[in-house]
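Visitor: I'd like to go over a predicted model; first the sequence, then the structure.
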Amino acid sequence: MLDAPVDWALVRARYPAAHPVTFLEPDRSSTVGQAERDSAGGPRFVVLAPLEPFADLASVNTVLRIVERLRAPDGCPWDREQTHVSLRPHLLEEAYETLAALDSGDPARLSDELGDLLLQIALHAELAREEGTFDANEVARRLNEKLIRRHPHVFAGTQISSGGELLAQWERIKREEQDGGAHSLLSGVPRELPALFAAERMLERAARVKLEPPRLDLPLDIDDQEFLGELLFDIVAAARHAGFDAETALRDANERFAMHVGRVEARAAADGRALESYAPEEMRRVWEETA
């Protein structure tokens, strides 16, 4: 039951044209179809009958019901034989295809690929439901709790004065979520990421607490993305010519950086301080002293 005013554009997007709508007034009620909806007056209440299973095509819940049906004993043989492990490459492939669609600038393509990615999430949630570990509702609950908890400046009235303060708050809340604060700054960066992507994410997280490792003094002014791409390509070519694997070399550098960050975190813990409490010059000094 919907309390008026009714967003008829939303109703049309969600319900088929022939779906009946009942208007409830204090002294009468009437049922009309699609043609009369837009011209109808302003009733106090509108009742929309439930859609048939699998007919509510604009609902995320229908995705979950379809996946449950596919996994049923008389469902699809391919879907029935899948496991979390067997679906792993499909999840990775769909993620990359979604990124490609995003880069394409084609909204229809992006919508399709996001749907394929949603299917992977629904499949994993259904597998977990069958195993009795969690279900899609639990996934949604944990996500919603996390979003509200990590945005106190939106949901709890906490005042934020700068972007740097916002990022520091984000890291503090994440650490508090993990074992009472025993959360590494870089622990959320998956080791399976490509080395270059991982390096970007690690440096991004370090910058949130003003941890900026010294950079090489390159005799070049990198202010153009195309030039940067060519420079990276030349570095890979030079590594190949010298007999090195650039991906492995950068992955090793990432590991050394992570170990150094761990020493900085240990120093902060010994001092009884949070990483975000260090001023930039203090952080540079701690970085050098823990080298």
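Guide: Right, received. Where do you want to start?
Visitor: just the helices in the protein please.
Guide: Ranges of helices within the chain are 8-14, 34-37, 60-70, 77-80, 88-104, 107-131, 136-149, 152-155, 163-177, 195-207, 225-241, 246-271, 280-289, based on DSSP state H.
Visitor: Tally up the residues packed near Ala199, please.
Guide: Ala199 has 17 neighbouring residues, counting by other CB atoms under 10 Å. In short, each C-beta sits where N, CA and C put it, glycine included.
Visitor: In contact with the residue nearest to it when sequence neighbours are not counted: list those residues for me.
Guide: Leaving aside its chain neighbours, Ala199 sits nearest to Asn254 (5.6 Å; criterion: CB to CB, 6 or more residues apart in numbering). The contact partners of Asn254, by CB atoms under 8 Å, 6 or more residues apart in numbering, come to 195, 198-199, 202.
Visitor: mind giving me CSV with those and columns for distance to Arg88?
Guide: Shown next, in CSV, are the contacts of Asn254 (distance: CB to CB, whole Å):
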residue, distance to Arg88
Ala195, 20
Ala198, 18
Ala199, 23
Met202, 23
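Visitor: With pLDDT as added columns, please give those residues in a markdown table.
Guide: Formatted as a markdown table, the contacts of Asn254 follow (pLDDT from 0 to 100):
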| residue | pLDDT |
| --- | --- |
| Ala195 | 94 |
| Ala198 | 93 |
| Ala199 | 94 |
| Met202 | 93 |
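Visitor: Would you format the helices of the chain as CSV with distance to Phe54 included?
Guide: Shown next, in CSV, are those (distance: least, CB to CB, whole Å):
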stretch, distance to Phe54
helix 8-14, 14
helix 34-37, 20
helix 60-70, 6
helix 77-80, 15
helix 88-104, 22
helix 107-131, 14
helix 136-149, 16
helix 152-155, 35
helix 163-177, 38
helix 195-207, 38
helix 225-241, 46
helix 246-271, 45
helix 280-289, 56
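Visitor: which regions of this structure lie under the pLDDT threshold?
Guide: For the chain, applying pLDDT under 70 flags the ranges 1-6, 25-44, 179-183, 217-221.
Visitor: Let me see the domain layout of the protein.
Guide: According to automatic domain parsing, the chain comprises the domains 2-48, 60-149, 193-289.
Visitor: And the residue positioned nearest the centre of the chain, how close does it get to Arg149?
Guide: Centroid check for the chain by CA atoms, centre = their mean gives Leu143 as the closest residue, at 9.7 Å. From Leu143 over to Arg149 the distance is 11 Å, taken as CB to CB, to the nearest Å.
Visitor: OK, contacts around Gln178?
Guide: By CB under 8 Å, 6+ apart, Gln178 lies in contact with Ser187.
Visitor: Send me stretch 94-106 as PDB with only the CA atoms.
Guide: Listed next in PDB are the C-alpha coordinates belonging to stretch 94-106 (Å, rounded to 0.1, in the frame of the first residue of the first chain):
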ATOM      1  CA  GLU A  94      32.700 -10.200 -15.000                       C
ATOM      2  CA  ALA A  95      34.500  -7.600 -12.900                       C
ATOM      3  CA  TYR A  96      36.900  -6.900 -15.700                       C
ATOM      4  CA  GLU A  97      34.100  -6.800 -18.300                       C
ATOM      5  CA  THR A  98      32.300  -4.300 -16.100                       C
ATOM      6  CA  LEU A  99      35.400  -2.100 -16.000                       C
ATOM      7  CA  ALA A 100      35.700  -2.300 -19.800                       C
ATOM      8  CA  ALA A 101      32.000  -1.300 -20.100                       C
ATOM      9  CA  LEU A 102      32.600   1.600 -17.700                       C
ATOM     10  CA  ASP A 103      35.600   2.800 -19.900                       C
ATOM     11  CA  SER A 104      33.500   2.500 -23.000                       C
ATOM     12  CA  GLY A 105      31.100   5.300 -22.000                       C
ATOM     13  CA  ASP A 106      28.100   3.200 -23.100                       C
END
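Visitor: Make 32 the first number, not 1, from now on.
Guide: Sounds good: first residue 32 from here, last item stretch 125-137.
Visitor: how about that stretch: buried residues?
Guide: Residues 125, 129, 132 are the ones in stretch 125-137 that count as buried (16 or more other CB atoms under 10 Å).
Visitor: so what's the second one closest to, chain neighbours aside?
Guide: The spatial neighbour of Thr129 that comes closest, neighbours along the chain excluded (CB to CB, 6+ apart), is Glu144 at 4.2 Å.
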